[in-house]
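# What shape does this take:
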Amino acid sequence: MDTLQKIQAGIKNLEDIKKQIEVLPTGQASNIVEVLLAGSLKTNASDIHLETKENKVNLRFRLDGILQDVVFLSLKTYQLVLNRIKLLAGLKLNIHDIAQDGRFTISVDLLPTFSEQKKLDAKRSSEKVGGKTDTEVRVSVLPSAYGENIALRVLNPKMIGLDLKDLGFPEELLKIVEKEIKKPNGLIITTGPTGSGKTTALYAFLKAVNKPEIKIITLEDPIEYHLEGITQTQVETEKGYTFTNGLRAILRQDPDVILVGEIRDKDTAEIALQASLTGHLVFSTLHTNDAAGAVSRFIELGAKAPILASGLNLVIAQRLVRKLCLKCRQTAKLSAEQIQQIKKGLNGLKIEIKKLYQPKGCQECNQTGYQGRIGIFEMISVDDEMEKLISSSPFHAQVLTFMQKKGTLTMKQDALLKVIGGITSLEEVERVISE
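This is a model prediction of the structure:
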């Protein structure tokens, strides 16, 4: 068993990471870095933050999208840790006043988290979670008032193995997605802010359509996870390999399915739409607040409305909400005002509100009351009526009105249905969705 795997085996939660770091001597920077990396993998932390203060350094992990304090390091210890991370990432040790970016790769067995192991034990399963794999760590060093801060993005391969059914789509919406990704051509867009699960959703789509008889090529900025059986390319702006030029080059490679990391400009939008009309299934993302906003965003970029109407198959707007920890969630006592708020948000959906839950906190969820995340969604499936509307270059408000008349499930409604189903809490929905 290698060092990182041994360390993972002794970690259940953030408190264990704190204890392991506190017992290490000051000079053992390599061991501290190993605990950081093993701890992030074991707890499924997406990021590690080391933030310099006047007299100490704050270590925090981002779990389920929220930063959690782990431990404070002395400035002396941190300087050694900083140098060790710089060495691993190939950064210059003698540069302290400019930002630096780098990366390194670790190869380690990914052990199940505490909760994953409990589920396996409950099933008496011998199923292996994880396995020896390469994990990329991206490093950003930023000078600040009290020294250099470090942010590590840990690209844990466990986080991309999701099937469509694991994303959180309501049954009706899941059927729409499954139908649309089976089509041989058309454009499917996921939209939402940074960190809303767009890339995870796109990778799940690729996993669902990936077959030996079809050719899939991606254009990403950057490549986040390596996918078996798929040709992945990365934007290299300084070399002229932009989204626009890259997409043109990919079309000459005779692909069946194309993933474009993001549509940012008119040229990329037009080429993606043209590809969707000439026998290619195209997946991509936009940054808009809702599904209706994707239509107006394309038009703002300069896409021709009739071409957009013909090429666009599906728009999925999404956010991520934290899931209540099933071990410790407790019944919520809501006021009449809160119940009325939920009914108003459901906007006519006739759903009986029997019991709602709220977070509590326990060892399994690092005292947060939440464990894992799930998507909340709304969709535009482009049928004949919607195609006609898009052809007229509608404003955002016109698309919203049309969706409301058709009774399209809104993101707020999907979120509240997950509250009523005991999956998440009302306060979490309020945190994620602003009116």
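# When you work out contacts or count neighbours from here on, use the C-alpha atoms and nothing else.
Will do.
# Residues contacting stretch 346-357, please?
329-333, 412-413, 416-417, 419-422, 424-425 (Cα atoms under 8 Å, 6 or more residues apart in numbering).
# Going by neighbour count, list what's buried in that stretch.
By neighbour count, and taking 16 or more other Cα atoms under 10 Å as the criterion, the buried residues in stretch 346-357 are 346, 356-357.
# What subset of the contacts of stretch 346-357 is buried?
A residue is treated as buried here by neighbour count (16+ other Cα under 10 Å); on that basis the buried members of these are 329-330, 412-413, 416-417, 419-420, 422, 424-425.
# Among those residues, which lie within strands?
With strands identified by DSSP state E, the entries of the buried ones among the contacts of stretch 346-357 that belong to them are Gln330.
# Please, where are all the strands along the stretch 251-400 of the chain?
In the stretch 251-400 of the chain, strands defined by DSSP state E, counting those that start in this stretch lie at 257-260, 281-286, 312-324, 330-331, 357-358, 370-381, listed in chain order.
# Can you say which of these is nearest to Ile342?
Within the strands of the stretch 251-400 of the chain, the stretch nearest Ile342 is strand 357-358; the backing value is 13.5 Å (Cα to Cα).
# And the strands of the stretch 251-400 of the chain: which comes nearest Ile66?
Proximity to Ile66 (Cα to Cα) singles out strand 312-324 among the strands of the stretch 251-400 of the chain, at 9.4 Å.
# Can you list the strands that that closest one pairs with?
Sheet pairing for strand 312-324, assigned by DSSP bridges, gives strand 186-191 (parallel), strand 370-381 (antiparallel).
# Return the distance of the next helix or strand after the first one from the chain's centre.
This points to strand 186-191. The element immediately downstream of strand 186-191 (helix or strand, assigned by DSSP states H and E) is helix 198-209. Relative to the centre of its chain, helix 198-209 is centred 11 Å away, using Cα atoms, centre = their mean, to the nearest Å.
# Now do the buried residues in stretch 66-73.
Within stretch 66-73, the residues that count as buried by 16+ other Cα under 10 Å are 67-68, 70-73.
# Make JSON lines out of those and add secondary structure.
What follows is the buried residues of stretch 66-73, written out as JSON lines (DSSP: H, G, I helix; E, B strand; the rest coil):
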{"residue": "Leu67", "secondary structure": "strand"}
{"residue": "Gln68", "secondary structure": "strand"}
{"residue": "Val70", "secondary structure": "strand"}
{"residue": "Val71", "secondary structure": "strand"}
{"residue": "Phe72", "secondary structure": "strand"}
{"residue": "Leu73", "secondary structure": "strand"}
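# ok, which pair from those is furthest apart?
Of all pairs drawn from the buried residues of stretch 66-73, the one with the largest separation by Cα to Cα is Leu67 and Leu73; the distance is 16.9 Å.
# Let's verify Ile217: helix, strand, or coil?
When states are read from three-state DSSP, the local structure at Ile217 comes out as strand.
# Which one of the buried residues of stretch 66-73 is nearest to Pro184?
Relative to Pro184, and with distances defined as Cα to Cα, the nearest of those is Leu67, at 41.4 Å.
# looking at it, that closest one is touching Leu59, isn't it?
No. Taking Cα atoms under 8 Å as the definition, Leu67 is not a contact partner of Leu59, at 9.9 Å.
# Restricted to helices, list the contacts of stretch 346-357.
Per DSSP state H, helices hold the following members of the contacts of stretch 346-357: 412-413, 416-417, 419-420.
# Between those residues, which sits nearest Ser434?
Lys412 (9.4 Å).
# From Gly65, how far off is that closest one?
Counting by Cα to Cα, to the nearest Å, the separation of Lys412 from Gly65 is 19 Å.
# now the helices: where do they sit in the stretch 251-400 of the chain?
Secondary structure of the stretch 251-400 of the chain (DSSP state H, counting those that start in this stretch): helices located at 266-276, 291-301, 305-311, 336-346, 384-391, 396-406.
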